[in-house]
Each structure stands twice: as structure tokens, then as C-alpha cells.
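> From the sequence below, what's the structure:
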Amino acid sequence: MTAIKIIEENRKKIVDKLIKNMEKGYIFSEWMWNRNALLPQNAVNGIKYKGINKLNLSFAAIENNYNDPRWLTYKKIQELGWKLSKESKGKGVLCEKWIWERKEKVIDEETGKPKLDIDGNEIIKVVELNKPIISYFYLFNASLIEGIEPYSNTVKNLKESKIINVADEFILSSECLIEEKLQERAYYTPLDDKIVLPPRKYFKSDEAFLGTLLHEMSHSTGHEKRLNRNILNLFGSPKYALEELTAELSCVFLEAELGLNIDFTRQDHINYFSSWIEALKNDANQLYKVANNASKACDRLLENYKKCIEIDAEKVACE
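A predicted model of the protein is given here:
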């Protein structure tokens, strides 16, 4: 079986898991979940997995009740002198790898030999490929690795601080205008590049206000000036449904990054589940694009938020 065929079948399995959950009224879990499950990262360099790999690893962590967000390939485990436990059999999680570029030596046209830099090293250039090299690999959770150091969780739970302050920092970090108006709907309008929210005092909780804010801010990342997604879609269309799912996944990823354990069964978003399910059933490969876009949206909002926090910290230090 070819790599692309294996990847396509794996995507269908992920979509099936997501659909089964949404048919029950939630995305990842019916109740409180372990936020580490949604923060999968490489156990050696700490780099976090993105897109559909992040989604797949998150599902696996929740299903197996892993409390450790770290993952490694079998090859790397062996290289580091560690080994897999007996419980690891059948627990490898298939992940995708798409290579869009390769490194080549720069050849001197006259001599036919590699060109050298001033230090005598071969000059290497990066060449973009017309078609990607598609492959896959398996990852094992650190909970299954013998010899690895215990995981040290340094993520601060923001429920220990004031949620509404976090919301205000996100509003300050926004790349578009955000208004609170006396009306019932929360929405982002691409034409005006503006988010409109009901007054925060009308939400059932500060967490609900923050969750709705993050959802709409995730939509705003799709503006042509930013990540340039196709967000001008007809209400009720498959593309509209997929953009809603993109924003909701981004919101879920953000809440995990922030260390929030809140209710993900927000009724206003549950209302979209049937349209999300229909769109994914029509084309399972759409989940790859949705998860990738959600990761990018999450990263952009989180980066802006952290910059805003740093600026505020510098102001306080100068006072």
C-alpha cells in the first residue's frame, strides 16, 4: 500500500472519531479533560506537533489517558538508550510527513564540482519541490518509554488568575477592532474586519466570555491581511461549516495552551455540529486543511497575546 493511501485511511479513522464525538455533543471529551493531552510535543526538542498530527495525538492521549504530552519515534527511543514498555504494543500513533523542499549542493558549472564557501565548506541550497514527498511515521507516548525522565509540568493554570484579565489582554492584542454592544449575537465580519460581542456581563461566566472571544478572534485570523483563508462563505454551506470547525478547534487548542480546563460543550457551538459532520463525511481529507488552519490561527493569536503580555510587563518594570 502506498504512503498516500495509508495516510488517507488514517485520516478517515480520525474523522470517524471526531464525528462520533460530535454526535454525542462534544469534540474531545464529555467532561473535564487533561490539557496535556492537547499539547503533544517532541520529547527531545520540545517542538509541538501541528495540524492533523496534533489532532491525532490528542485523540490518542485522551483515549489512553496519557498525562505526559511528550512523544518520540521508536528509532529515537533506541538512539537515546531507552526502550518501550510491554504496554506499548499496538500503541504507536501514525503521523503524516509532507516534504516540500530538499537540500542540494551548489555545483560550479565550469568545474562540475561543489562550490565552497570562504571556510571551505560545501554550499548548500534549498530547492522547492513541485510535488511533495509523502511519508508517515509512528510516535509513542513518553508514558510508554522506560528510562525517560518524568515529565515536569510548568504550565500555569490560568484559572488561578482572573480569566477576565486574560480576555482583556487578548482584546488588546487583537489585530482587528473588537466591540462589546448591547445585542445578542457574537460574530466577526470580514468586510469590516471587526468582532462584535454582547456585553461581558451577559455571559454565564467569564470562561464563557473568553471562549466566545477566542472563537471569534480565530475567525479574524483568516482575513486576507493575515492568514488569508476563504472566510467569505454563504451561511449553511460546507465551506462555512468548515470555517466554523476551524475556529472552534483553534479555540480548543488555545485554551489548552493557556492551561484552561473549561466546558467545551458550549451550546452555541454545538448547534453547528450537524453541519460540521456533514462537511467531513463528504470529504475526510478536509480535516487535514481544517486542523492545519486551526493550528496556524492558534499560533498567531497566542504569539500576539504573549507579545502583549511582555509589553505590559516592561511597562510595569519601568514604573
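
> who's in contact with whichever strand or helix holds N165?
N165 belongs to helix 163-173 when assigned by DSSP states H and E. Contact with helix 163-173 is made by 158, 178, 200, 206-207, 209-210, 213-214, 217, 258, 260, 301, 304-305, 307-309, 312, as judged by CB atoms under 8 Å, 6 or more residues apart in numbering. The C-beta positions use only the backbone N, C-alpha and C, and glycine is treated the same way.

> could you flag which of those residues are buried?
The neighbour-count test (16 or more other CB atoms under 10 Å) marks 158, 178, 200, 206-207, 209-210, 213-214, 217, 258, 260, 301, 304-305, 308 as buried among these.

> Just the ones in strands from these, please.
I178 (DSSP state E).

> any idea which of the buried ones among the contacts of helix 163-173 is closest to Y74?
L258 (32.4 Å; CB to CB).

> how much space is there between the closest one and E310?
Taking CB to CB, to the nearest Å as the measure, L258 and E310 are separated by 16 Å.

> Next: C95.
33 Å.

> Which residue of the two possesses the greater neighbour count?
C95 (22 against 10; other CB atoms under 10 Å).

> Where is pLDDT lowest across the buried ones among the contacts of helix 163-173?
Confidence by pLDDT is poorest for L158 among the buried ones among the contacts of helix 163-173, given 50.

> tell me which element K281 falls in.
helix 273-282.

> As PDB, could you dump the C-alpha coordinates of that helix?
C-alpha atoms of helix 273-282 as PDB (Å, rounded to 0.1, in the frame of the first residue of the first chain):
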ATOM      1  CA  PHE A 273     -22.100  20.000  14.900                       C
ATOM      2  CA  SER A 274     -24.500  18.600  12.300                       C
ATOM      3  CA  SER A 275     -23.100  20.800   9.600                       C
ATOM      4  CA  TRP A 276     -19.600  20.000  10.600                       C
ATOM      5  CA  ILE A 277     -20.300  16.300  10.500                       C
ATOM      6  CA  GLU A 278     -21.900  16.600   7.000                       C
ATOM      7  CA  ALA A 279     -18.900  18.500   5.600                       C
ATOM      8  CA  LEU A 280     -16.400  16.000   7.000                       C
ATOM      9  CA  LYS A 281     -18.400  13.000   5.700                       C
ATOM     10  CA  ASN A 282     -18.400  14.500   2.200                       C
END
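
> which non-adjacent residue is nearest N293?
T246 (4.8 Å; CB to CB, 6 or more residues apart in numbering).

> List the buried residues of the strand or helix carrying the one you found.
Assigning secondary structure by DSSP H and E places T246 in helix 238-257. Neighbour counts over helix 238-257 (16+ other CB under 10 Å) mark 238, 240-257 as buried.

> So which other helices or strands are in contact with it?
Under the contact definition 3 or more CB pairs under 8 Å, 6 or more residues apart in numbering; DSSP states H and E, helix 238-257 sits against helix 206-220, helix 273-282, helix 286-318.

> Quick check: which of these is buried the most?
Of the helices and strands packed on helix 238-257, the one with the most neighbours on average (mean count of other CB atoms under 10 Å) is helix 206-220, at a mean of 23.

> Break the protein into its domains for me.
Domain assignment of the chain by automatic domain parsing yields the ranges 40-146, 158-318.

> okay if I get those domains as JSON lines plus distance to N10?
Output for the domains of the chain, formatted as JSON lines (distance: least, CB to CB, whole Å):
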{"stretch": "domain 40-146", "distance to N10": "5"}
{"stretch": "domain 158-318", "distance to N10": "10"}
